[in-house]
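A.B. asks: I'll drop the sequence and a predicted model, then ask my questions.
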Amino acid sequence: MQLFDDCELFDEGIRRFVDFQLPGTELRLWEQFFTKAESDKYFRILKETTPWQQRTRKMYDRVLPDPRLTAYYGGSNGFEWTTELLDIKAKVEAECGIEFDRVLLNYYRDGNDSVSWHSDYLPADGRHHAIASVTFGETRIFKVRPKQHAGAETLDIPLTHGSFLLMGETMQDLYEHHIPKTSRKIGARINLTFRISEPGKPVYYVN
Ligand SMILES: O=C(O)CCC(=O)C(=O)O
Ligand SMILES: [Fe+2]
């Protein structure tokens, strides 16, 4: 589905906007939301200065490393915000009019890194909020399908360098998403998901 219906001139070309018009929720994509120069700078700084962590999770009776590295900022138990993360957050907030208070960074080192089908973790206040997803680096396919997916189509969205994807409040209730592995010889990708938690409550992040 390609509905580039609201193009505006951007300093390095055309900023393309897509509203995927998903039933029951909002899913909107701004490509080249950050300029090439900004995106290159943020990719380099985040790659080099983030204290990337290798998380593990228990699968049945085995403890397996997540196929990606992560770092968590803000909220009540994340790292201290950096200038760059606050700048990225401010630009996203100005566009969508929503304020976020924490961000999860994912570092996909190559095509072998991935995230399996899931919906994002329910915040401590028991209700889902909008999530803003920003990508720097290699393009990866973001797949979306309804939770009731028998017979349903999967939406494949290439998330490009400098793009901003906004998932609406009900997205996690109704849909799940996934970044598949790829055998293509590709470089690294960094994804940031800005989230909202109930103020004052610790966030036990999983996804
Ligand atoms: O890398 C992405 O685009 C998605 C990451 C994700 O789904 C998550 O961290 O929950
Ligand atoms: Fe997710």
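C.D. replies: Structure received. Numbering: from 1, shown residues only. Ligands and ions are numbered 1, 2, ... in the order given.
A.B. asks: From here on, just use CA atoms for contacts and neighbour counts.
C.D. replies: OK.
A.B. asks: Could you tell me how far the residue sitting nearest the centre point of the chain is located from ligand 1?
C.D. replies: Note on the chain: the residue nearest the mean C-alpha position is S133, at 3.2 Å, using CA atoms, centre = their mean. According to CA to the nearest ligand atom, to the nearest Å, S133 and ligand 1 sit 7 Å apart.
A.B. asks: how about the residue lying farthest from the centre of the chain, phi and psi?
C.D. replies: Going by CA atoms, centre = their mean, the residue of the chain most distant from its centre is D61, 29.4 Å out. When read as degrees, to the nearest 10, the backbone of D61 gives phi -100, psi 10.
A.B. asks: distance of it from P158?
C.D. replies: For D61, the distance to P158 equals 35 Å [CA to CA, to the nearest Å].
A.B. asks: follow-up on the earlier one: any idea how far the residue farthest from the centre of the chain lies from ligand 1?
C.D. replies: D61 sits at a distance of 23 Å from ligand 1 (criterion: CA to the nearest ligand atom).
A.B. asks: do H178 as well
C.D. replies: Look at H178 and ligand 1: by CA to the nearest ligand atom, they are 6 Å apart.
A.B. asks: same check, this time on R62
C.D. replies: 22 Å.
A.B. asks: in the sheet, who's paired with that residue?
C.D. replies: Going by DSSP bridges, R62 is paired in beta bridges with M59.
A.B. asks: That one: neighbour count?
C.D. replies: By the criterion of other CA atoms under 10 Å, R62 has 9 neighbours.
A.B. asks: now Y73
C.D. replies: Neighbours of Y73 (other CA under 10 Å): 18.
A.B. asks: hang on, isn't it packed against E80?
C.D. replies: Yes - between Y73 and E80 there is a contact under CA atoms under 8 Å: 6.0 Å.
A.B. asks: Can you pull the phi/psi pair for the nearest residue to V63 once chain neighbours are set aside?
C.D. replies: Distances taken as CA to CA, 6 or more residues apart in numbering place R57 nearest to V63, at 5.5 Å, with adjacent residues excluded. Dihedral pair for R57: phi -140, psi 150, per degrees, to the nearest 10.
A.B. asks: Perfect, that will be all.
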